[in-house]
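**Student:** here is my input, please return the structure:
(chains A and B)
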Amino acid sequence: MNTPATPAIGTRKIHPADTTFRLSLHAAGAIVVIVLLSILTIMFIGGKLAFDTFGLGFIWGTEWNPVTQVYGALPAITGTLVTAILALCIAWPIGFGIAFFLTETCPEKLRTPLGVAIELLAAVPSIVYGMWGFFVLAPFMSEYVQPWLTNTFLWIPPIGDSFFWFTAPPIGVGMLTAALILAVMILPFIAATTRDVLLSTPQLLKDGAYAMGATRWEALTGVVIPAVRGSLFGAVFLGLGRALGETMAVVFVIGNAIRMPDSLMAPSATIASVVANNFPEAEPGTLDLAVLLALGFILFVVSFGVLAVARLLLRQERMS
Amino acid sequence: MLIQLARRLVTALAAAVLVATPAFPPQAWAQDITGAGATFPAPIYSSWGEDYAKAGGSRLNYQALGSGAGVTQIINRTVDFGASDSPVAPERLEKEQLLQFPAVIGAVVVIVNVPGVDGTKIRLTGDLLGEIYVGRVRLWNDPKITMLNPTLKLPSIPISPAYRADSSGTTSIFTKYLSSVSPLFKERTGAGNSVAWRTGLGAPGNAGVAAAVKNIKGGIGYVEFAYAAENGMQALQLANGFGKFVTPTVPGFLEAAEQADWDNARNMAATMLNMPGDNSWPIVSATYILVPRNPKDPARTRSVLKYVDWAFRNGAPTADRLHYIMLPTAVQDRVRAQWATLASAGKPLWPPT
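**Tutor:** Below is the predicted model:
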């Protein structure tokens, strides 16, 4: 330390409180990393029995049979990815539209109330979404949406003889219904993040575009989007990360069928829903519990990958 | 399910607190009976517990954590008794020094939603139900179904089988029944607390299955009788061991319990599935209580036995109200005879002195 040699002020000493403060800050930072790493380690150790038993085949095994003790994670992984990506396809355009409306064309007076309303969507507990989906959306889907989809898209050729897109008995619950619920749930995240990204576009650029006679559409596609492209992808991946891990709402509407789906409307299962359904009765030390922890580990890795990509894209933007 | 998770956490926390405070626990704690396990009998155990405490007995603290957790906890001796919907295998009882006995009987009924048809009039055999649950029979007007129901106008709509998404004793009883009457179901699906369903959809809890059947035209599902009765749901008729079509009723459950082969049941785990009889309902099962054979504190085990004995003698009105079925008195006496084999330091635990 550069202790100033001015005895008039008194000898500058490092106060013990400073050291304590500095150390506690370090500790706070370290705790996050330690917790994260220990969760990952515990999940892996707990799930090791599953990886030892089935090897990497655990990841692409299609049979999930508690009776014969044969477990393959592919049905749950498929259900997780399909519902999350479908949800994203639905929520992204809407979320982007909301964000652009709020930042560009919305009357000044409406901006705050609308923004608050969107954020309130994020405050609805997921169990409420689940119950609403089960008791309101699912009957509506089975009565109106699913028959219409089946009749309208009969012409899409099936993939092999096992996947028929929109041809399925109209039971209301399934991957499509789960994706719709997830879309509503991630919409506020996508809309809010996209709005912030759009607001960060330099006003000078937009003014320039409008000054040159650009329409709103031209300004959007020609100036705003190219300027913030990476961040927009970041917003999407944040939504995806949330959709991947959502549990309670999905348990209600996905149909909880741990088998390979034969259509987009078929009942399926996600990693999170499988774990939630089976964890309470899984006994310690059994393969049943190990496969659930191994599933958790896989979900952790997938979500972590998604978030890492999101961070990367957001950071690129800031640096360029 | 979420509640179970939360309860598990609470129990874990409570256990941690107990461990952390080795000082003198309040007097009341020492006298309480603690139990943990199956969710199916939780309402009746708790209600009996309240009645028993009012009648001057010990208080009961029962945690509905699920059958698996109940067995684990009694093996670890962290509770006075464990409760399980499926009987524990004799070898395991031997190894863990446990005594198992049935406490109360439950039945599983099959509910349907077929537009334009009175569900209580529909008749199915167990074999056909098995074929429905593996996806072999897919339409309500399948010839195999119409043959059994010539007077009903069954529509040409798909059958949507609903099952429990969570691991459950109800699923165990139902799949054991289907495996015993349908070779196809046994081969393709098998029996267990959770199984690999070949068709249909899963919903959480009895309430979820009931709501799924109600929501879906052509739905069929299985729920506990207590749940169906309390919610006024219509259940179909099944063929029993005599091949007679029966409607689920309490006398029918009792008849099935009386028909069971208690003489040859190891550890009191007699099967009551697909019993013969004029009214025997085919899907009936007992739920079990487990107590240690080598109790650390014999007084606590004795208070468990006293509680169950009290319930056997005085619990019928509460059981009726909650739609559970009492063990037949002959079976209750067999249970008491089993208790008499328990001893601590050469002194029998039952009857209490």
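
**Student:** C-alpha from now on. contacts and neighbour counts both.
**Tutor:** Noted.

**Student:** hmm, B:Asn274 is touching B:Trp281, no?
**Tutor:** Yes: with contact defined as C-alpha atoms under 8 Å, B:Asn274 counts as touching B:Trp281 (7.2 Å).

**Student:** pull up the overlap in contacts between these two.
**Tutor:** Listed contacts common to B:Asn274 and B:Trp281 are B:Asn240; contacts here mean C-alpha atoms under 8 Å, 6 or more residues apart in numbering or on different chains.

**Student:** of the two, who's got more company?
**Tutor:** B:Trp281 (34 against 24; other C-alpha atoms under 10 Å in any protein chain shown).

**Student:** that one against B:Gly252, yeah?
**Tutor:** Yes: look at B:Trp281 against B:Gly252 with C-alpha under 8 Å: they come within range, at 5.2 Å.

**Student:** ok but A:Ile258 is inside a strand, no?
**Tutor:** No: with DSSP: H, G, I helix; E, B strand; the rest coil as the criterion, A:Ile258 is assigned coil and is not in a strand.

**Student:** what is the burial count for residue 247?
**Tutor:** All of this is about chain A. A:Thr247 has 21 neighbours, counted by other C-alpha under 10 Å.

**Student:** um, chain B though
**Tutor:** Other residues near B:Thr247 number 21, with proximity taken as other C-alpha under 10 Å.

**Student:** got a list of what it touches?
**Tutor:** B:Thr120, B:Ala235, B:Leu236, B:Gln237, B:Leu238, B:Asn279, B:Trp281.

**Student:** quote the end-to-end distance of stretch A:212-224.
**Tutor:** Start and end residues of stretch A:212-224 are separated by 14 Å (C-alpha to C-alpha, to the nearest Å).

**Student:** chain center to it: distance?
**Tutor:** 31 Å (C-alpha atoms, centre = their mean, to the nearest Å).

**Student:** show me which residues of it are buried.
**Tutor:** Buried residues in stretch A:212-224, counted by 16 or more other C-alpha atoms under 10 Å in any protein chain shown: A:Ala214, A:Ala219, A:Leu220, A:Val223, A:Val224.

**Student:** so the fourth one touches A:Leu205, yeah?
**Tutor:** What it means is A:Val223. Yes: in this structure, A:Val223 is within contact of A:Leu205 by C-alpha under 8 Å, at 7.0 Å.

**Student:** would you say B:Trp350 is within a strand?
**Tutor:** No: going by three-state DSSP, the assignment for B:Trp350 is coil, not a strand.

**Student:** thought it was touching B:Trp339?
**Tutor:** Yes: with contact defined as C-alpha under 8 Å, B:Trp350 reaches B:Trp339; the gap is 5.9 Å.

**Student:** who has more neighbours out of those two?
**Tutor:** B:Trp339 (21 against 17).

**Student:** could I get the full set of helices for chain A?
**Tutor:** A:16-54, A:57-60, A:74-100, A:108-123, A:126-132, A:138-140, A:146-152, A:175-199, A:203-211, A:216-219, A:225-245, A:248-253, A:271-278, A:287-319 (DSSP state H).

**Student:** show the average pLDDT along the second one.
**Tutor:** When pLDDT is averaged over helix A:57-60, the result is 92.

**Student:** and if you look at the first one?
**Tutor:** Averaging pLDDT along helix A:16-54 yields 92.

**Student:** check which residues of that helix are buried.
**Tutor:** Quick answer for helix A:16-54 (16+ other C-alpha under 10 Å): A:Leu40, A:Met43, A:Phe44, A:Ile45, A:Gly46, A:Gly47, A:Lys48, A:Leu49, A:Ala50, A:Phe51, A:Phe54.

**Student:** which residues touch the last one?
**Tutor:** Contact criterion C-alpha under 8 Å, 6+ apart gives A:Tyr71 as the residues in contact with A:Phe54.

**Student:** against A:Gln146, how distant is the residue of the stretch 51-200 of chain A found nearest chain B?
**Tutor:** With C-alpha to the nearest C-alpha as the measure, A:Asn65 is the residue of the stretch 51-200 of chain A nearest to chain B, at 4.8 Å. The gap separating A:Asn65 from A:Gln146 is 29 Å, by C-alpha to C-alpha.

**Student:** more neighbours, those two?
**Tutor:** The neighbour comparison of A:Asn65 against A:Gln146 (other C-alpha under 10 Å) goes to A:Gln146, with 23 against 18.

**Student:** what does the model give that one for pLDDT?
**Tutor:** The model's pLDDT for A:Gln146 equals 90.

**Student:** now it: closest residue in space, sequence neighbours ignored.
**Tutor:** Counting by C-alpha to C-alpha, 6 or more residues apart in numbering or on different chains, A:Gln146 lies nearest to A:Pro170, which is 5.6 Å off, once chain neighbours are set aside.

**Student:** let's have the buried residues of helix A:16-54 in a markdown table, adding distance to A:Gly115.
**Tutor:** Listed next are the buried residues of helix A:16-54 as a markdown table, based on distance: C-alpha to C-alpha, whole Å:
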| residue | distance to A:Gly115 |
| --- | --- |
| A:Leu40 | 36 |
| A:Met43 | 39 |
| A:Phe44 | 41 |
| A:Ile45 | 44 |
| A:Gly46 | 43 |
| A:Gly47 | 43 |
| A:Lys48 | 46 |
| A:Leu49 | 48 |
| A:Ala50 | 46 |
| A:Phe51 | 46 |
| A:Phe54 | 49 |
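
**Student:** just the helices of chain A: most buried one?
**Tutor:** helix A:248-253 (a mean of 28; mean count of other C-alpha atoms under 10 Å in any protein chain shown).

**Student:** so what does that one touch, helix or strand wise?
**Tutor:** Packing partners of helix A:248-253 (3 or more C-alpha pairs under 8 Å, 6 or more residues apart in numbering or on different chains; DSSP states H and E): helix A:126-132, helix A:175-199, helix A:271-278.

**Student:** now do the second one against helix A:74-100, angle only.
**Tutor:** Put plainly, it is helix A:175-199. 40 degrees (axes from the mean of the first three to the mean of the last three C-alpha atoms, to 10 degrees).

**Student:** starting at the chain centroid, how far to the longest strand anywhere in chain B?
**Tutor:** Taking DSSP state E as the criterion, chain B has its longest strand at strand B:98-113. Taking C-alpha atoms, centre = their mean, one finds the center of strand B:98-113 at 3 Å from the center of the full chain.

**Student:** cool, and stretch B:156-169?
**Tutor:** Per C-alpha atoms, centre = their mean, the centroid offset for stretch B:156-169 relative to its chain is 18 Å.

**Student:** list the buried residues for that stretch?
**Tutor:** B:157-169.

**Student:** out of those, who's nearest chain A?
**Tutor:** Using C-alpha to the nearest C-alpha, the buried residues of stretch B:156-169 come closest to chain A at B:Asp166, 4.4 Å.

**Student:** need phi/psi at the closest one.
**Tutor:** phi -90, psi 150 (degrees, to the nearest 10).

**Student:** state the distance from the nearest residue to it once chain neighbours are set aside to B:Glu230.
**Tutor:** Spatial nearest neighbour of B:Asp166, chain neighbours left out: A:Asn277 (4.4 Å); criterion: C-alpha to C-alpha, 6+ apart. Distance from A:Asn277 to B:Glu230, counting by C-alpha to C-alpha: 25 Å.
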